[in-house]
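Chemist: structure of the sequence below:
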Amino acid sequence: MMNIAQYLDSTYLKTPAQSGLSNEETLQLDKELAQEAIDNSIFAVMIRPDYVADIKKYIQERNSNVAVGTVIGFHEGTYSIDEKLEEASQAIEDGADELDFVINYSAYLKGDVVLVKEEFVKCTQLGLQNKKVVKWIIEIAALTDEQIADITRNISTWAEENFTENDLPNIFVKSSTGFYQTEGGKPNGATFEGIKIMLDNAGKLPVKAAGGVRTPEDAEKMINLGVKRIGTSSAMALIKNESSSEGY
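Modeler: Residues are numbered from 1 along each chain as shown. Here you go, the predicted model:
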């Protein structure tokens, strides 16, 4: 049986407003998520920026090396470059180990590749200078197969042009936020087809599949395809060999 836990980013990304919970209740959920990760050797927890400092402290107090990841420009990706840099800088200060940026795919779809490249380079540079793992969410549910290939290929090219060979393993291309509203019941997270396109075009960059991985068999298939990380809000179900209905 494959050790799935080492590939997982155990995720809780709903805001208090989205969940109907208070800030304190949300923090408690994040602490429970962190404790599950500690107890089960899950690689990372992925939480909202507001809770990074508290969860980093919680994990450190328990002498654990579970990584703390957070999302930047979430979930639409339309924040300005300066806003993304500011949010990322605060997350770094609060102790985040990994920064998952939502790329401005709306700008990309309008043809403004210059802006998308600029935000990629500046934000990635900030993360790497601070020894953080940087992931770029491209939101595959909003893209055609051709666009998935193109934006992934662009990210790979920009990474190789602007960063060193040693940096590349710390620059991921990630499939989804899990919050994109699709129509007609279409999946809004990782699909095997979408991930395969990403892997075929990511060059030397690792790929993260996020959302929609609902069974241990799906997780193993994703890993066997070549993904290095899986984002899921049902990490325990995957570890315990149970099916899940989660989106992300």
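Chemist: and the spatially most central residue of the chain, what are its bridge partners?
Modeler: Among the residues of the chain, the smallest C-alpha distance to the mean C-alpha position (Cα atoms, centre = their mean) belongs to Asp100, namely 4.7 Å. Each beta-bridge partner of Asp100 is listed here: Val71, Lys135, as defined by DSSP bridges.
Chemist: I figured it was touching Ala44, is that so?
Modeler: No - taking Cβ atoms under 8 Å as the contact criterion, Asp100 and Ala44 are not neighbours in contact, 10.1 Å apart. Backbone N, C-alpha and C define where each C-beta goes, glycine included.
Chemist: now do the shared contacts for those two.
Modeler: Between them, Asp100 and Ala44 share these contacting residues under Cβ atoms under 8 Å, 6 or more residues apart in numbering: Gly69.
Chemist: contacts only, for Trp143.
Modeler: If you look again at residue 143, you'll see it is Leu, not Trp. Leu143 neighbours (Cβ under 8 Å, 6+ apart): 105, 109, 151.
Chemist: number of nearby residues for the second one?
Modeler: So the one you mean is Leu109. Other residues near Leu109 number 15, with proximity taken as other Cβ atoms under 10 Å.
Chemist: ok, the first one next?
Modeler: Tyr105 sits with 22 neighbouring residues when counted by other Cβ under 10 Å.
Chemist: now it. Nearest residue, chain neighbours left out?
Modeler: If the residues on either side of it in the chain are set aside, Tyr105 comes closest to Glu139, at 5.0 Å by Cβ to Cβ, 6 or more residues apart in numbering.
Chemist: gap between Gly184 and Ala141?
Modeler: Between Gly184 and Ala141 the computed distance is 12 Å (Cβ to Cβ, to the nearest Å).
Chemist: repeat for Ile103
Modeler: Computed as Cβ to Cβ, the Ile103 to Ala141 distance reads 14 Å.
Chemist: circling back to that earlier point, surely the residue nearest to Tyr105 meets Gly77?
Modeler: Yes - under the criterion of Cβ under 8 Å, Glu139 makes contact with Gly77 at 6.9 Å.
Chemist: how about the secondary structure of Asp9?
Modeler: Look at Asp9: counting by DSSP: H, G, I helix; E, B strand; the rest coil, its state is strand.
Chemist: who's in contact with it?
Modeler: By Cβ under 8 Å, 6+ apart, the contact list for Asp9 reads 43-46, 69, 98, 208, 210, 229-232.
Chemist: if you set the cut-off to 10 Å instead, what comes out?
Modeler: By Cβ atoms under 10 Å, 6 or more residues apart in numbering, Asp9 lies in contact with 37, 42-47, 67, 69, 98, 100, 135, 174, 208, 210, 229-233, 235.
Chemist: quick revisit: hmm, the residue nearest to Tyr105 is touching Ile103, no?
Modeler: Yes - assessed by Cβ atoms under 10 Å, Glu139 is found in contact with Ile103 at 7.6 Å.
Chemist: which neighbours do the two have in common?
Modeler: When contacts are counted by Cβ under 10 Å, 6+ apart, Glu139 and Ile103 are jointly contacted by 77, 151, 174.
Chemist: I'd like those residues as a markdown table, with secondary structure and distance to Arg214 appended.
Modeler: Shown next, in a markdown table, are the shared contacts of Glu139 and Ile103 (DSSP: H, G, I helix; E, B strand; the rest coil; distance: Cβ to Cβ, whole Å):
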| residue | secondary structure | distance to Arg214 |
| --- | --- | --- |
| Gly77 | coil | 25 |
| Ile151 | helix | 25 |
| Lys174 | strand | 18 |
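Chemist: just those residues now: which is nearest Val113?
Modeler: Using Cβ to Cβ, Ile151 is the member of the shared contacts of Glu139 and Ile103 that lies nearest Val113, at 9.0 Å.
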